[in-house]
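Enquirer: this one's sequence-less:
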C-alpha cells in the first residue's frame, strides 16, 4: 500500500463502478493512440476471490480485461485480437489473491505482454496484437468488476491506472531498467517502414504511368500558339512582316527574308514598300529593243535613255560634256559617231592584240584604219609595213600591238 493514496475497499454484490462520459473517451483515446499501454494497480485481494481489476466490456463480452483468479491462482488477460472477433485469454500463473498488498503491472507492447508483480518481471509472452479500436457504441469501462453482476473484485484497490506509451511500468517502479526499443516501438517502426514501402511502390507506379503519358504527349503534334506584337498566330500559321516571311512552329517564331524571283533584265527597280525588284518596260527604237535604264547615242552629240517603255533623248552640248583637249585646234580631229574631238597620241586605256590576231578593219584615210574591240572604236595609223601583212580590210598582227585609248599613232621602227 502506498501512503497518502486513497484506497477503496470493495465488498458485497451490489455496486456499479462504471467510468462514463469524458473519462471513458479519454481512456479509449489513450489505447487508440499508441500500440503500447500498461494497466497499473496497487491492490489487496481476498483469498479465493476471482475478480476483475479493469475491464472494457459490453454485457458478457470482454474486449479488454485484467482479472485475478484466487481459485486457480492466476492472472488473466482477456482481449480481442486485431482483425478478429472471438475473445482470447492469456493466463499467467501467480497467487495474487493472498490477502497481502501487491503492485501489479500488466504491459502490452505490440505483440508482447509482460507481467510484473511488486516490480519483478515474471512473465513475457508473445500474443496477437489486441484490437485497440474501441468504437463499439455500447462499450463501457468498469473498475473492480466486469459488469454490474459478474466477476466482482473483493478486497482493496488503490490507484488503478491506464498508462499509454512504452515503459508504462516505470510509473510504478521507476528503478527498473527499460528496454530500447520496446516491442511496440519496433512494431510501430516496422509498420512505418511497411507504410513507406507501400507509399514508394505507389509512387513508382504513378511515376511509370506519368512517364508513359509524357512519352505519348511528346509523340503527339501539340499545337502551341505564337504571340507577336500583340497578335496571336496559330501553330503552323505563316505571315509576312516587312520583307520577312515568318511562321509559327510549336510556339516558336522563325523568320526568313522573302525569296524573290530572278529579275530577267539588266536594270531591275525596287519600288518603295516592295521587297522584290521588278523589271520595267523595254523601249523599241528602229527595230532595236533597249532595256530600262540603258543609254546609247543614236548620232553625234545626242544621248537617249530608256525609261519604263519611254525613250527619252537629249542633245549633248560638246562645250559642257567634252573634256578639254591638250592639243591645238588644228591637230584635233573628229571620229564618225563621236561627239567629242580627239588629239592624236593621247591615251586613256590600253588594249592588247596578241600575235596571230586577225582583225577586220575599215580604212578611213591614208594609213588610218578603224576597228572595234568590245564595242570600243579604235582609230590607228600605220606607217611601217613590217608589222604585218595588210590585205583589203584585214590586218594580220605579227607582234603584240597595244592600242592605248581611242587613238594611237604607231610609227614602227
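Expert: The structure has been received and is ready for your questions. In this text, all values refer to a predicted model and were calculated from it rather than measured experimentally. Numbering: from 1, shown residues only.
Enquirer: quick check: domain ranges of the protein?
Expert: Domain ranges of the chain: 7-189, 233-262, 272-316, 325-410, per automatic domain parsing.
Enquirer: First-to-last residue distance for the longest one?
Expert: Okay, so that is domain 7-189. 39 Å (Cα to Cα, to the nearest Å).
Enquirer: For that domain, the averaged confidence score.
Expert: Average pLDDT, domain 7-189: 89.
Enquirer: before we move on, what about the third one?
Expert: For domain 272-316, the mean pLDDT works out to 89.
Enquirer: Pull the distance from it to the chain's centre.
Expert: 63 Å (Cα atoms, centre = their mean, to the nearest Å).
Enquirer: Over to stretch 88-99?
Expert: For stretch 88-99, the distance to the chain centre is 68 Å (Cα atoms, centre = their mean).
Enquirer: Stretch 265-273 too?
Expert: Taking Cα atoms, centre = their mean, one finds stretch 265-273 lying 49 Å from the centre of the chain it belongs to.
Enquirer: And for stretch 75-88?
Expert: With Cα atoms, centre = their mean as the basis, the mean position of stretch 75-88 lies at 56 Å from the chain mean.
Enquirer: picking that back up, want to throw the domains of the chain into JSON lines with mean neighbour count and distance to residue 226?
Expert: Backbone N, C-alpha and C define where each C-beta goes, glycine included. Putting those into JSON lines (neighbours: other Cβ atoms under 10 Å; distance: least, Cβ to Cβ, whole Å) gives the following:
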{"stretch": "domain 7-189", "mean neighbour count": "17", "distance to residue 226": "56"}
{"stretch": "domain 233-262", "mean neighbour count": "13", "distance to residue 226": "4"}
{"stretch": "domain 272-316", "mean neighbour count": "13", "distance to residue 226": "22"}
{"stretch": "domain 325-410", "mean neighbour count": "13", "distance to residue 226": "55"}
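Enquirer: Now do the strands in the stretch 151-300 of the chain.
Expert: In the stretch 151-300 of the chain, strands defined by DSSP state E, counting those that start in this stretch lie at 155-164, 226-228, 231-233, 238-241, 244-249, 252-257, 283-285, 288-290, 295-296, listed in chain order.
Enquirer: Could you dump these into JSON lines and include distance to residue 147?
Expert: Shown next, in JSON lines, are the strands of the stretch 151-300 of the chain (distance: least, Cβ to Cβ, whole Å):
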{"stretch": "strand 155-164", "distance to residue 147": "17"}
{"stretch": "strand 226-228", "distance to residue 147": "79"}
{"stretch": "strand 231-233", "distance to residue 147": "79"}
{"stretch": "strand 238-241", "distance to residue 147": "89"}
{"stretch": "strand 244-249", "distance to residue 147": "82"}
{"stretch": "strand 252-257", "distance to residue 147": "80"}
{"stretch": "strand 283-285", "distance to residue 147": "128"}
{"stretch": "strand 288-290", "distance to residue 147": "128"}
{"stretch": "strand 295-296", "distance to residue 147": "130"}
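Enquirer: if we can go back for a sec, wait, which of the domains of the chain is closest to residue 197?
Expert: Judged by Cβ to Cβ, the one of the domains of the chain that comes nearest to residue 197 is domain 7-189, at 12.5 Å.
Enquirer: measure residue 332 to residue 300 for me?
Expert: 15 Å (Cβ to Cβ, to the nearest Å).
Enquirer: my read: residue 88 touches residue 65, true?
Expert: No. Counting by Cβ atoms under 8 Å, residue 88 stays clear of residue 65, with 11.0 Å between them.
Enquirer: Quick check: which element contains the closest residue to residue 312 other than its chain neighbours?
Expert: Nearest residue to residue 312, sequence neighbours excluded (Cβ to Cβ, 6 or more residues apart in numbering): residue 305, at 5.5 Å. Using DSSP states H and E, residue 305 maps to strand 302-307.
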